[in-house]
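Please work out how this folds:
(one chain, ligands or ions: 1)
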Amino acid sequence: MNYKQIIKNAEIIVKANSGKKLEDACVSEVYCAISRAVMAEIAEGWNKGVTNGKKRVGYLSAEFLIGRSIYANLFNLGILNGVKEELALRGMDITMFEDIEDAALGNGGLGRLAACYLESGASVNIPLDGYGIRYRYGLFRQRIEDGFQREVADDWQKAGDPWSFRKDDESVTVSFADYKVKAVPYDMPVIGYGGNTINTLRLWQSEEADDFDFDLFNEMKTQVIATRKVRAEEICYVLYPNDSTEKGRLLRLRQEYFFTSATIQDLVRKHKASGKPLEKLHESLSLQLNDTHPVFAIPELIRLLMEENMTFNKAFEISRKVFNFTNHTIMGEALERWDMRRVKKLIPQIARVLRMMQKHIEKNLQNEKLFIIKDETVHMANVAIYCSSATNGVAQLHTDILKQDTFKDWYEVYPERFKNVTNGITPRRWLAVCNEEFSSLITEYIGDGWQNNLERLAELAKFVDDEKFVAKFKAMKQAKKQQLSDFILKREGVEIPSNFMFDIQVKRLHEYKRQLLNAFSILYYYFEIKEGRMPDFKPTAFIFGAKAAPGYYNAKAIIKFINCIAEKVNNDPDTKDKLRVVFVSDYNVSYAEKIFCAADVSEQISTAGFEASGTGNMKFMLNGTVTLGTMDGANVEICEEAGKENEYIFGADVEEVARVKKDYKPYEVYMADKDLKRIVDTLDDGTFNDNGTGMLASLKQSLFGGWSADHYLVLHDFRSYIQVKTQLLNDYGSEEFTRKCIINASKAGKFSSDRSVKEYAKNIWKL
Ligand code: 26Q
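Below you'll find the predicted structure:
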């Protein structure tokens, strides 16, 4: 693609829109103009891919955590540097687009995975399209006020949405019992590496079904007019900010049916238009269900096939061949269930199909452990497993747990349906674009080609003892740390010296992810240093980034706790030269791009058995960082690839967790360890002030009280964590440590999402 032409076209667009010269336009005008110029340029090639006769795959997901599109798109088209230079010639800096909001149409791992998979699909030339919801507001933006999280609406389209084409003529109608809405598709191009394949992310927006009713207007019933509009538009109003559960909310049910019905109607209509019989739908279509959120697509497809005069049994068989299901969470409370009375009230046409499915399973399996509906509750995961060809976990350990535990009864009946596909990340966004310094170093030593063949990073192993390479690697890391330090100073007003070790934990805030354990360790080192027991402690900065679900009280308490610790530690003259703590606000994809590449330590410390995979762990590894973690999720495979001796592993493994939980007495652990007791006591002994909310004290209580006291074994794993973390702190700065970092990057090849989507294509979609 000709970048000079793109800029020339952008100049014309700006002139047409505002009469201005490009260099006089504001950031959002330049952004929209360049994006639109690219859209014009790719339009033709984009439409080509859609018409080939082979099987296409739809990735159905309630979330796509896209982040910023402009840099990644320009990069994949091969014009990022060219555009940068052209802008510079006009006195503009391409980093100005950092003012453009992320498209944060997802919560965390599951949504970001969907975005990585689409990018990889296009990059390895797999016909993979995404289908989801065009939320008016994405994941809330986070402000930290006096150490507390406050949520602010995320108006992600503020600068416009130049990466979408609205396709009015492809709208469909979605029917609820009480009203109908129009679903309007907005198509975003998914540009693969090299720009050869462009797939589509189709996001549906809900609007009023009928045109504006003039009779009502004449009668001055404007209230009625407004109500209709609001009722339709509220469906896509906002992304649910919960990344585990959200029990029985009606609007969530509407969202799920809205986008799956629109998607299935759209696909069935296209299939019919192709002239092929619906009996052969599975030969040209596979659909991947990203967790249970899109599972209403199954009864919807059965319903539509039956409307075309197919029998239930036939419709079921075809649907079973079309669908596949990915589970992303082990935790029982995250398994979606809906009260059938609600389903019936809102979408009776779907309630009927679900009942037929229950009859079908009773007749065919006669196994009362396996059901679709039980006690008037529909279990969405069961719908998905029963009416699909494959169910997969997202890391080997996770898949093992699904087979042995979560879906044991299903596994016994359908062992061949259970598969593993370990997650991956796109090396374009998570290395090539976000870490130019490391990218050019890699290319200098092993040449190009690793960008779409990540296994080639293994060739770096040859240079772990090459002094020049090692020195350059260190300089690269130092440069990235300096950049992050500057950014944190600007954004948070906190000084993090770049010669400190950077120990980083960024991910959603959840008790099972154990940010609290990390916080406890900081207090441990704080007391040790303050009281002179650790004279050789190497200066360390502990960096956190996390959003808590707005209603998750303990998670919010942990944010406050970390901020209290930061204030204490950063301002204490006895420790400020050795310890810094910062909780960065509004952690998102764009912040992540600056953070992963600047880390010395990657904290992956979930209670074993609870983190399905993790993908942040892979982003750190790819950028040359060691993992301080438990044997959980994909950490296990990171150890397999890089060698356990190159990571810092601690704590109970899955077996030990099970053993300990049988007779766990957290209060005794606390009483028996005076350092630990002193640390835990800071939650309610007046060390910190939580503005009278009582949040910190109740956080302490959750470690002891009730049936689920210290459910995530924070106290149990504390000593093991401190021991390994202290070893790590000692190793930092040594040749040996740098070696481990480099080995990690060189062994990250497996974790490319190119590998993951190829496995889906071969083992699940059978392309
Ligand atoms: C469910 C019902 C109603 C509202 C919201 C939800 C909901 C939304 C998001 C439930 C769960 C999620 C997100 C789950 C998630 O992100 N899981 C993560 O998936 C990653 C990709 O596979 C894994 O790497 C992580 O280990 C897993 O936690």
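
which residues of the stretch 151-300 of the chain score low on pLDDT?
Along the stretch 151-300 of the chain, segments meeting pLDDT under 70 span 212.

That one: strands as residue ranges?
For the stretch 151-300 of the chain, the strands defined by DSSP state E, counting those that start in this stretch occupy 165-166, 172-175, 180-191, 198-208, 285-290.

Most tightly packed of the ones you listed?
Of the strands of the stretch 151-300 of the chain, the one with the most neighbours on average (mean count of other Cβ atoms under 10 Å) is strand 285-290, at a mean of 25. Placement of C-beta: from N, CA and C, glycine included.

can you list the residues that contact it?
Contacting residues not belonging to strand 285-290 are listed as 55-63, 110, 113-114, 267, 271, 295, 297-298, 322-326, 328, 384, 388, 760, 764-767 [Cβ atoms under 8 Å, 6 or more residues apart in numbering].

Give me the buried subset of the residues you listed.
Those of these that meet the buried threshold are 56-63, 110, 113-114, 267, 271, 295, 297-298, 322-326, 328, 384, 388, 760, 764-765, by 16 or more other Cβ atoms under 10 Å.

what's stretch 559-578 in contact with?
Defining contact as Cβ under 8 Å, 6+ apart, one finds that stretch 559-578 is touched by 144, 147-149, 494, 509, 515-516, 519, 522-523, 526, 529-530, 537-540, 544, 546, 548, 579-583, 683, 687-690, 693, 695-696, 699.

Near the ligand, which residues of the protein are found?
Taking Cβ under 6 Å from any ligand atom as the criterion, the neighbours of the ligand within the chain are 107-110, 113, 240, 242-244, 246, 252, 328-329, 334, 336, 394, 423, 611-615, 633.

Among the buried ones among the contacts of strand 285-290, which are located in helices?
Judged by DSSP state H, those include 110, 113, 114, 267, 271, 297, 298, 322, 384 as members of helices.

ok, the fourth one touching residue 129?
No - distance between residue 267 and residue 129: 9.6 Å, which falls outside the contact criterion (Cβ atoms under 8 Å).

any shared contact partners between these two?
Contacts common to residue 267 and residue 129, judged by Cβ under 8 Å, 6+ apart, are residue 58.

Identify the residue spatially nearest to the closest residue to the ligand within the stretch 401-550 of the chain, adjacent ones excluded.
Relative to the ligand, the nearest point of the stretch 401-550 of the chain is residue 423 (5.1 Å; Cβ to the nearest ligand atom). Nearest non-adjacent residue to residue 423, counting by Cβ to Cβ, 6 or more residues apart in numbering: residue 613, 4.4 Å away.

Are we agreed that the one you found is in a helix?
No - counting by DSSP: H, G, I helix; E, B strand; the rest coil, residue 613 is not part of a helix but coil.

got a pLDDT number for it?
On pLDDT, residue 613 comes in at 98.

how many neighbours does it have?
Neighbours of residue 613 under the rule other Cβ atoms under 10 Å: 27.

before we move on, what about residue 226?
Using other Cβ under 10 Å: residue 226 sits among 10 other residues.

Okay, it and the ligand: tell me how far apart.
Separation of residue 226 from the ligand (Cβ to the nearest ligand atom, to the nearest Å): 28 Å.

How about residue 583?
21 Å.

Now do the same for that residue: helix, strand or coil?
What three-state DSSP gives for residue 583 is strand.

tell me which helix or strand of the protein sits lowest on mean pLDDT?
Least confident helix or strand, the chain: helix 214-218 with a mean of 77, by mean pLDDT, DSSP states H and E.

Send me that helix as CSV with only the CA atoms.
Output of helix 214-218 as CSV, limited to C-alpha atoms (Å, rounded to 0.1, in the frame of the first residue of the first chain):
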residue,chain,number,x,y,z
PHE,A,214,-46.0,10.3,12.4
ASP,A,215,-49.5,9.7,13.7
LEU,A,216,-48.2,9.6,17.2
PHE,A,217,-46.3,12.8,16.5
ASN,A,218,-49.5,14.5,15.2
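
which other helices and strands contact that helix?
helix 222-233 (3 or more Cβ pairs under 8 Å, 6 or more residues apart in numbering; DSSP states H and E).

ok and the helix it packs on relative to strand 198-208, angle-wise?
150 degrees (axes from the mean of the first three to the mean of the last three Cα atoms, to 10 degrees).

Quick check: buried residues in helix 222-233?
For helix 222-233, burial by neighbour count (16+ other Cβ under 10 Å) applies to 225, 228, 231, 232.

Pretty sure the third one sits against residue 206.
Think residue 231. No - if you go by Cβ under 8 Å, residue 231 and residue 206 don't touch, sitting 9.4 Å apart.

Name the residues contacting each of these two.
Here residue 231 and residue 206 share no contacting residue, scored by Cβ under 8 Å, 6+ apart.

how about a markdown table for the strands of the stretch 151-300 of the chain, with distance to residue 594 added?
Listed next are the strands of the stretch 151-300 of the chain as a markdown table, based on distance: least, Cβ to Cβ, whole Å:
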| stretch | distance to residue 594 |
| --- | --- |
| strand 165-166 | 31 |
| strand 172-175 | 40 |
| strand 180-191 | 23 |
| strand 198-208 | 25 |
| strand 285-290 | 27 |
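
Low-confidence stretches in this protein?
Applying pLDDT under 70 to the chain picks out residues 49-53, 212.

Pretty sure residue 547 sits against residue 506.
No - between residue 547 and residue 506 there is no contact, the gap being 10.3 Å when judged by Cβ under 8 Å.

of the two, who's got more company?
Using other Cβ under 10 Å as the criterion, residue 547 and residue 506 rank with residue 547 on top: 26 against 21.

And for that one, nearest residue in space, chain neighbours not counted?
In space, residue 547 comes closest to residue 142 once its chain neighbours are excluded; the distance is 5.3 Å by Cβ to Cβ, 6+ apart.

and the host helix or strand of that neighbour, which strands flank it?
Assessed by DSSP states H and E, residue 142 sits inside strand 141-145. As defined by DSSP bridges, the strand partners of strand 141-145 come to strand 148-152 (antiparallel).

residues of the strand it pairs with that come out buried?
Across strand 148-152, burial judged by 16+ other Cβ under 10 Å covers 148, 149.

what's in contact with it?
Residues from elsewhere that reach strand 148-152, judged by Cβ under 8 Å, 6+ apart: 140-144, 241, 547-548, 550, 556, 559-560, 563, 691.

mind redoing it with 7 Å?
Under the contact criterion Cβ atoms under 7 Å, 6 or more residues apart in numbering, strand 148-152 has outside partners 140, 141, 142, 143, 548, 550, 556, 559, 560.

In TSV, list these along with distance to residue 622.
Converted to TSV, these look like this (distance: Cβ to Cβ, whole Å):
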residue	distance to residue 622
140	28
141	27
142	26
143	31
548	27
550	32
556	31
559	28
560	32
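
Of those, just say which sits nearest to the ligand.
Taking Cβ to the nearest ligand atom as the measure, the ligand lies nearest residue 550 of those, at 12.3 Å.

The closest one belongs to a strand, doesn't it?
No - using three-state DSSP, the assignment for residue 550 is coil, not a strand.
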